[in-house]
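1. coordinates only, sequence not included:
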């Protein structure tokens with residue numbers, strides 16, 4: 001990478017990062033910027049919170065179109081020119097249904113990383129965002145009102161949850177999509193591409209709480225409740241080999257790989273929930 005471009009990325013990261021906090025907290029501002037640039041038709045990449053060269057180039061194109069200083073740095077003039085989606089840093093005002101802005105996008109991004117995605121990152125506080133806020137507030141032990149003030153923002157600044165237990169891989173396969181942003185949304189599990197009909201094993205001992213078709217893109221789904229408030233989810237199966245209420249051990253076959261539901265090809269979508277929050281499965285999987 002040329003020195004000038006590298007220095008520009010450092011300046012962008014400094015301008016958009018939080019003074020302290022996790023990767024997700026710091027990158028929430030970058031994600032908000034990406035959504036604002038996308039709304040102007042100048043950014044076509046993923047909303048991933050990564051201040052890469054594509055984001056910087058989009059900033060410079062925007063600055064050039066708006067006859068601003070073309071430096072790739074998001075200062076007050078650039079933020080003002082971005083319009084509604086460029087205004088209001090997170091924490092500068094209370095948030096609730098109907099609000100639109102930079103802070104709403106940052107909120108959506110942080111909620112997703114904490115395991116409560118609300119659909120597309122779009123900077124609009126609609127019904128799905130309100131529902132995600134309520135679920136997060138309940139999970140975090142806060143007052144559940146669907147509004148975002150200092151207490152909710154403080155809870156979102158905490159480290160993300162990880163699995164309290166270790167689990168085994170449900171099948172041996174390379175990882176496709178990982179836990180994290182994907183396009184303009186959030187992928188709440190990992191995808192394991194495998195041939196149609198390959199056996200899928202329970203990742204740990206537990207009790208089957210769901211075994212059947214599930215709307216919302218899951219297709220044939222098995223859910224197993226483990227100790228520690230952890231549930232594992234096995235989606236897009238071509239066949240289900242367990243029933244609700246059945247107790248299974250680690251390695252017990254729960255079904256076969258398929259492409260049912262919202263799937264473009266055979267793979268296992270493997271997801272973990274901790275008391276209802278989606279967590280990165282790699283924090284539990286051995287090896």
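-> Yep, that arrived. Note that the structure is predicted; figures quoted are calculated from it, not measured.

2. Confidence-wise, which helix or strand of the protein is lowest on average?
-> The weakest-scoring helix or strand in the chain, judged by mean pLDDT, DSSP states H and E, is helix 3-16 (a mean of 42).

3. so what does the helix or strand that it is followed by touch, helix or strand wise?
-> The element immediately downstream of helix 3-16 (helix or strand, assigned by DSSP states H and E) is helix 23-39. Using 3 or more C-beta pairs under 8 Å, 6 or more residues apart in numbering; DSSP states H and E as the contact criterion, the neighbours of helix 23-39 among helices and strands are helix 3-16, helix 53-65, helix 102-113. All C-beta spots, glycine's among them, are computed from the backbone N, C-alpha and C.

4. and if we set it to 10 Å?
-> Packed against helix 23-39, as judged by 3 or more C-beta pairs under 10 Å, 6 or more residues apart in numbering; DSSP states H and E, are the following elements: helix 3-16, helix 53-65, helix 76-81, helix 102-113, helix 150-156, strand 180-182.

5. export these to CSV and tack on mean neighbour count and distance to residue 248?
-> Converted to CSV, the helices and strands packed on helix 23-39 look like this (neighbours: other C-beta atoms under 10 Å; distance: least, C-beta to C-beta, whole Å):
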stretch, mean neighbour count, distance to residue 248
helix 3-16, 14, 46
helix 53-65, 19, 45
helix 76-81, 14, 53
helix 102-113, 27, 30
helix 150-156, 17, 34
strand 180-182, 18, 29
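
6. As CSV, those with distance to residue 261 would be great.
-> As requested, those are arranged in CSV below (distance: least, C-beta to C-beta, whole Å):
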stretch, distance to residue 261
helix 3-16, 36
helix 53-65, 31
helix 76-81, 40
helix 102-113, 20
helix 150-156, 30
strand 180-182, 16
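
7. worst average pLDDT in the ones you listed?
-> Taking the mean pLDDT of each of the helices and strands packed on helix 23-39, the lowest value is held by helix 3-16, a mean of 42.

8. pretty sure residue 178 contacts residue 186?
-> No - contact between residue 178 and residue 186 fails when scored by C-beta atoms under 10 Å: they sit 11.2 Å apart.

9. ok, residues contacting the strand or helix carrying residue 200?
-> Here residue 200, judged by DSSP H and E, is contained in strand 199-201. Applying C-beta atoms under 10 Å, 6 or more residues apart in numbering, the set of residues contacting strand 199-201 from outside is 168-172, 192, 194, 222, 234-241, 248-258, 268, 270.

10. for it, what is the average pLDDT?
-> Summarised as a single mean, pLDDT over strand 199-201 is 98.

11. How about stretch 87-100?
-> 97.

12. show me what contacts the residue lying farthest from the centre of the chain?
-> Here the centre of the chain is the reference, and by C-alpha atoms, centre = their mean the most remote residue is residue 67, at 34.6 Å. By C-beta under 10 Å, 6+ apart, the contact list for residue 67 reads residue 81.

13. What helix or strand is it located in?
-> Under the assignment here (DSSP H and E), residue 67 is part of no helix and no strand.

14. residues near residue 166, how many?
-> One way to gauge burial is a neighbour count; for residue 166, by other C-beta atoms under 10 Å, it gives 11.

15. Pull the contacting residues for it.
-> Contacts for residue 166 (C-beta under 10 Å, 6+ apart) come out as 203, 204, 283, 284, 285, 286.

16. now swap in residue 41 and tell me
-> Contacts of residue 41 (C-beta under 10 Å, 6+ apart): 58, 61, 62, 65.

17. what about the protein, any weak spots by pLDDT?
-> Along the chain, segments meeting pLDDT under 70 span 1-26, 287.

18. Can you turn the buried part of the contacts of strand 199-201 into a PyMOL selection?
-> One line in PyMOL is enough to select the buried ones among the contacts of strand 199-201; burial here means 16 or more other C-beta atoms under 10 Å:
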select buried, resi 170+171+192+194+222+234+235+236+237+238+240+241+248+252+254+255+256+257+258+268+270
